[in-house]
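Peer 1: How does the following fold in three dimensions:
(2 chains)
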Amino acid sequence: MRELRAWTALAFSAFRRLLWSSATLMLLFPLAACLVFLLRQRFDRIEDPVRAFQLFSNFLLDVFTPVVVPLCALAFGTAGLAGDREDRTLLFLLIRPLGRGLILSAKFAATLPLVLGFACGGLWIFCRLAGPVGANAFDAYLPAVIAMSLAYTALFHLFAVYFKHATIAALVYAVFMEALLGNMPGIIRRTAINFYGRSLMYDAGVDYGLSAPDPALFDPIGGQFGLIVLGGITVGSLLLAWLVFVAFDYEEGA
Amino acid sequence: MSSAVDLTFEQVTKFYGPVIGVNGVDLRVGPGITGLLGSNGAGKSTLMKLASGRLRPSQGRVRIGPYNARSTRAKRLLGYCPDVNTFYEEMSGREFVRLMTRLYGYSMREAARRTDTALERTGMSDRADRRLGGYSHGMRQRIKLAQAIAHEPRVLLLDEPLTGIDPGGRREINDLLRRLAADGLTILVSSHLLGEVEQLCDRLAVVSRGRLIAEGTLAELRRLLGDEPLTIRLESPGARQIAAIIVESPDISHVEIHGEALTLRTRNPVGFFALLGESVVARGFEISRLETLDAGAEAVFGYLERSAS
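Peer 2: Sure thing, here's the model as predicted:
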């Protein structure tokens, strides 16, 4: 009971600190930019529903999924524990009678509603703006966005416990792995999380008329396999993060 | 009064890669206030980190009561006032202490009650609702102390607790620590302010180059240094005649006279005081003042460090 109360206090305070942090403000910019773009595009005025779905899906596949979703996870995923390490306030948590697993899980639990809120909330707003095709797109793509958000958040928590300056490490990862390797032709793109998320989205969008991409440019895997990989990345990253967090000394509170 | 809890280092060694930070330290810190002295790099900080469970010893064991210092049971018994000066700056002092207290699993109401008590004891009640970001160094020290005592620990570790606190505040904090010690708390204070440690602590533990080189009361430590010269100052109208008598002793290495004040150094304090009784006082010389100048913590610490090297 005492542990649960302590865990809840830590998770709630971490959530509140993240909500009122600069990360929240920072995320409003890309979301606002997307909003302006969608308002100018007016997908709801395109008469052919299949074409409208295709065009709106292109926006989600090329901008929202590879840029906005990782940004949400990066902003909050690294601001929690990594912020404590950079500010040297982690020490105040490590000297309390809370197991390290509980500290990590509380921080993860605090981050998750914000990442999911911004990613799924953003998707919902954009889909509403897109009109009738948006409603289909939301139903089709929501599972992929949730799975990607979880995978990114877990991965960035692993970065937070391993690297002292996790935000920089996560930015380097996002630029090189997700933006660069994730957009390269061939099998190398499979090193990026967004490949699996986009595969899931292609798989789900086919039912609404989304045409398959040119295999030379993007050769998606099956939706179910994509979901398994993203789930594996989430669970694997969290397990690894827990092992690292328990093993490291963090002697300076960082 | 709750039962006393000891902090115990058992043959503790800590390596940082190939560098040894602490070497085979055996130390038992019991109720009362113990000062941990050592120059920079002596191993003082490593011992504090080991005691607070932030570091794992490479060899040996650190225990708080019967528990491993890294265990959650040990952490329930421990209060730690670190030397780190960063907090959740957007919070008020009260919010910060309350959050830290809630992490022990107390209900909101109980945590609030304990926070109020701790803030009152550290003299921060009236300033606790201001944002931490605007606090002075002294106020931060008090908040750190408040978060360390709010859950009523049995072992209290204080890393440089008086740095940045004005003399009046130091007296208040010292009084608080003495009250806590009187309640049976085991308190280990790491400090480079030797004068303050001397005033505050019942016992001293001196570390040098990763080793514990001495431990005991100041008087016990001074006695360990039988061969070290002791500087003594006495005042007498017959200072010159006294100097003429004692300079004959082979144990006296240095004599200085300034008016009625005589300052001397002896390698054999016990022999000197015997000589003083037999040859000076017995002859009717009036001694108005007698003091030892380097029996304080700083001098003892200097002697111990020199002996260790």
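
Peer 1: what about the helices in the stretch 151-300 of chain B?
Peer 2: Ranges of helices in the stretch 151-300 of chain B, per DSSP state H, counting those that start in this stretch, are B:167-182, B:194-200, B:218-224, B:239-246, B:269-275, B:297-308.

Peer 1: If you could redo that for the stretch 101-250 of chain A, that was the one I meant.
Peer 2: Going by DSSP H, counting those that start in this stretch, the stretch 101-250 of chain A shows helices at A:132-162, A:166-173, A:193-205, A:223-247.

Peer 1: Of those helices, which is nearest chain B?
Peer 2: helix A:223-247 (9.2 Å; C-beta to the nearest C-beta). Any C-beta I mention is one placed from the backbone N, CA and C, and that applies to glycine too.

Peer 1: That closest one to helix A:132-162, inter-axis angle?
Peer 2: Orientation check (axes from the mean of the first three to the mean of the last three C-alpha atoms, to 10 degrees): helix A:223-247 against helix A:132-162 gives 30 degrees.

Peer 1: can you tell me the residue of the stretch 201-309 of chain B closest to chain A?
Peer 2: Closest point on the stretch 201-309 of chain B to chain A, by C-beta to the nearest C-beta, is residue B:210, at 15.4 Å.

Peer 1: correct me, but that residue touches residue B:16?
Peer 2: No - Residue B:210 is not in contact with residue B:16 according to C-beta atoms under 8 Å; the separation is 10.4 Å.

Peer 1: More neighbours: which of these two?
Peer 2: residue B:210 (22 against 13; other C-beta atoms under 10 Å in any protein chain shown).

Peer 1: Pull the contacting residues for that one.
Peer 2: B:20-23, B:25, B:42-43, B:46 (C-beta atoms under 8 Å, 6 or more residues apart in numbering or on different chains).

Peer 1: Any chance of TSV for the residues you listed, columns distance to residue A:225, pLDDT and secondary structure?
Peer 2: As requested, the contacts of residue B:210 are exported to TSV (distance: C-beta to C-beta, whole Å; pLDDT from 0 to 100; DSSP: H, G, I helix; E, B strand; the rest coil):
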residue	distance to residue A:225	pLDDT	secondary structure
B:20	52	89	strand
B:21	49	90	strand
B:22	52	91	strand
B:23	55	92	strand
B:25	56	94	strand
B:42	58	83	coil
B:43	55	88	coil
B:46	50	92	helix
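
Peer 1: Tell me which two in those residues are the farthest apart.
Peer 2: B:20 and B:42 (12.1 Å; C-beta to C-beta).

Peer 1: Give me the more crowded residue out of the two.
Peer 2: Set side by side, residue B:20 and residue B:42 show more neighbours around residue B:42, with 23 against 17, by other C-beta under 10 Å.

Peer 1: nearest spatial neighbour of the more buried one, skipping sequence neighbours?
Peer 2: In this structure, residue B:42 finds its nearest non-sequential neighbour in residue B:207, 4.7 Å apart by C-beta to C-beta, 6 or more residues apart in numbering or on different chains.

Peer 1: Write out the residues of the stretch 1-150 of chain B neighbouring chain A.
Peer 2: Counting by C-beta under 8 Å from any C-beta of the partner chain, the residues of the stretch 1-150 of chain B close to chain A are B:49, B:52-56, B:72-73, B:75-76, B:78, B:80, B:82, B:84, B:86-88, B:90, B:99-100, B:102-107, B:147.

Peer 1: how close does residue A:101 get to chain B?
Peer 2: For residue A:101, the distance to chain B (C-beta to the nearest C-beta, to the nearest Å) stands at 11 Å.

Peer 1: And for residue A:76?
Peer 2: 16 Å.

Peer 1: you'd agree that residue is up against residue A:23?
Peer 2: Yes - using C-beta under 8 Å, residue A:76 is in contact with residue A:23, at 5.5 Å.

Peer 1: higher neighbour count, the two?
Peer 2: Taking neighbours as other C-beta under 10 Å, residue A:76 and residue A:23 compare with residue A:76 leading, 30 against 24.

Peer 1: Report the contact partners of the more buried one.
Peer 2: A:18, A:23, A:111, A:114-115, A:118, A:153.

Peer 1: try 7 Å this time
Peer 2: A:18, A:23, A:111, A:114-115 (C-beta atoms under 7 Å, 6 or more residues apart in numbering or on different chains).

Peer 1: Name the helix or strand for it, please.
Peer 2: With secondary structure defined by DSSP states H and E, residue A:76 is part of helix A:69-77.

Peer 1: confidence score at the residue nearest to residue A:141 when sequence neighbours are not counted?
Peer 2: Nearest non-adjacent residue to residue A:141, counting by C-beta to C-beta, 6+ apart: residue A:201, 5.2 Å away. Residue A:201 carries a pLDDT score of 91 in this model.

Peer 1: need the contact list for whichever residue of chain A sits closest to chain B.
Peer 2: Nearest to chain B, among the residues of chain A, is residue A:2, at 2.7 Å (C-beta to the nearest C-beta). Residue A:2 is in contact with residue B:105, counting by C-beta under 7 Å, 6+ apart.
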